[in-house]
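K.L.:
structure for the following, please:
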Amino acid sequence: MNFELFIARRIHFSKERGDSRRVTPPAVRIAVAGIALGVAMMILSVAIVVGFKQEVRNKMVGFGSHIRVSNFDSNSSYETAPIFVGDSLKSLLSTLSGIRHVETFATKPGILKTETDFQGVVLKGVDVEYDWTFFRKHLKEGELFSIDTGKVTNDVLISQQLADMLRLRCGDSFHAYFVQDEVRARKFRICGIYDTGFTDYDKLFVLTDIKHIRRLNGWEADAVSGLELQVDDYDDLDEVAAAVDDRLLNRRDRKGNIFYVRSIKELNPMIFSWLDVLDLNVAVILVLMMAVSGFTMISGLLIIILERTNMIGILKALGQQDRSLRRVFLYISAFLIGKGMLWGNIIGLALCWIQSFFRPLSLDPSVYYLDAVPIHLTPGSWLLINLGASVVSLLMMLAPSYLITKISPAKTIRFE
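P.N.:
Residues are numbered from 1 along each chain as shown. All right, here's what the predicted structure looks like:
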């Protein structure tokens, strides 16, 4: 039998039954509560920040893909200079490692006008190969329009925010006006309404057939504003973007235009820099929670040691070594840390589950780009939190356990 573990279990479980003459039980409860609170807060912090970053990132990618290839001469507006894209270029990019999907697009700023209201928007023209996964997920009413290679469709997809602002519904028609050398107008019919909660983009983009943009700009059949590339793994985005840039560095389209490759991070640096700052916030929270939990456990362990001073002196007098006695109290610490982590996981995971399914904590979409606090906790993150918390807590117990080496058997046997 493991002597140290046997003694630790007797001490720990005897305190579980309670002893009103000692102060250990409330001290132990406080220590366990500190561990539980710390673990629960760490789980919530990681789940919320990871969920927030993932939701915002996914919406940015949904509106603009991971990588964009455009004309080097284009400015930062949505009135773009075209590039001329053939099947050979799309096939070349599709074969690059890490590229999942390639599609063309074109944009054109305009003004939507009804009998009573008007609103500036950007028409985004898409082609037959467009990936509708993102907008299909956020479709609230109606259906997605289909694109025919030989026929132009007047159906468009608009956001719920635009529909509310302009008092439009599915099936309604409206006119869009485009300012060029002369004002040109087009009539469109709403076939579907989407709502991503990404306010800045929802009130801006209207999806339509790319052939409308080509006709308005007088472009040829292979002219587009750019190519949108989706990658297999977001973590490899920088490497894949660099590979695409290298492949297109010395390549030109059929009219000699230079290709300009940018990732979604480069297209929206302010938003992604803001998301990166959140990692620092999580790190600070994790350190603070571990420190609070650890110092609470240190206090509890010191109280347990002081109350067991008489026992420690007797065991030392019988020949028990300091290292063995320290191991006894480290076992006790492990029991308490394990109990605190169990309750912390129950509380933290329960709160994550409640927020995921019932969403009681809401947000202002105009500020946070989301309508509720998002939750995303992977098994790997959960495991790292628990391993990190348990290892750090046990390491912090080493220092107070050295108090045992200062206890003298001759003095402590008479200690009460």
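
K.L.:
rest of the way, CA atoms for contacts and neighbours
P.N.:
Noted.

K.L.:
now stretch 222-231: buried residues?
P.N.:
Going by neighbour count (16 or more other C-alpha atoms under 10 Å), the buried part of stretch 222-231 is 223-231.

K.L.:
which ones among the residues you listed are found in strands?
P.N.:
Of the buried residues of stretch 222-231, the ones assigned to strands by DSSP state E are 223-224, 226-231.

K.L.:
residues contacting the nearest residue to Val121 once chain neighbours are set aside?
P.N.:
Once flanking residues are discounted, Val121 sits nearest to Leu204: 4.7 Å by C-alpha to C-alpha, 6 or more residues apart in numbering. Taking C-alpha atoms under 8 Å, 6 or more residues apart in numbering, we find Leu204 in contact with 120-122.

K.L.:
and Tyr104, backbone torsions?
P.N.:
Small correction: residue 104 is Thr, not Tyr. phi -100, psi 160 (degrees, to the nearest 10).

K.L.:
pretty sure it is touching Asp131, no?
P.N.:
No: between Thr104 and Asp131 there is no contact under C-alpha atoms under 8 Å: 10.3 Å.

K.L.:
of these two, which one has the most company?
P.N.:
Neighbour count, other C-alpha atoms under 10 Å: between Thr104 and Asp131, Thr104 has more, with 23 against 16.

K.L.:
quick check: closest non-adjacent residue to the more buried one.
P.N.:
Leu227 (4.5 Å).

K.L.:
now the contacts of Leu204: which count as buried?
P.N.:
121-122.

K.L.:
which one of the contacts of Leu204 is nearest Asn257?
P.N.:
Nearest to Asn257, judged by C-alpha to C-alpha, of the contacts of Leu204 is Val122 at 24.0 Å.

K.L.:
measure how buried the closest residue in space to that closest one that isn't next to it in sequence is and give me the count.
P.N.:
Among residues not flanking Val122 along the chain, Pro109 sits closest, at 4.2 Å (C-alpha to C-alpha, 6+ apart). Neighbour count of Pro109, defined by other C-alpha under 10 Å: 22.

K.L.:
which SS class is Pro109?
P.N.:
strand (DSSP: H, G, I helix; E, B strand; the rest coil).

K.L.:
just checking, it touches Gln119?
P.N.:
No: counting by C-alpha under 8 Å, Pro109 stays clear of Gln119, with 10.9 Å between them.

K.L.:
helices along the stretch 51-200 of the chain, start to end?
P.N.:
Assigned helices in the stretch 51-200 of the chain, in chain order: 87-94, 133-137, 160-166, 199-202 (criterion: DSSP state H, counting those that start in this stretch).

K.L.:
roughly how far apart are Asp87 and Ile11?
P.N.:
76 Å (C-alpha to C-alpha, to the nearest Å).

K.L.:
before we move on, what about Gln180?
P.N.:
Counting by C-alpha to C-alpha - Gln180 and Ile11 are separated by 85 Å.

K.L.:
same question, Glu239
P.N.:
In terms of C-alpha to C-alpha, Glu239 sits 56 Å off from Ile11.

K.L.:
Asp87 and Ile11: which is more packed in?
P.N.:
Ile11 (16 against 8).

K.L.:
show me what contacts that one?
P.N.:
So Ile11 contacts Ile332 (C-alpha under 8 Å, 6+ apart).

K.L.:
could you pull up phi and psi at Gly319?
P.N.:
phi 110, psi 10.

K.L.:
quick one: neighbours of it, just the number.
P.N.:
9.

K.L.:
the one 10 residues further on too?
P.N.:
Close neighbours of Phe329, defined as other C-alpha under 10 Å, add up to 26.

K.L.:
I'd say it and Leu403 touch.
P.N.:
No: using C-alpha under 8 Å as the test, Phe329 is too far from Leu403 to be in contact (10.8 Å).

K.L.:
all strands of the chain, in order?
P.N.:
Under DSSP E, the chain gives strands at 67-71, 83-84, 99-113, 118-126, 139-142, 155-159, 173-179, 183-194, 205-209, 223-224, 226-231, 259-263.
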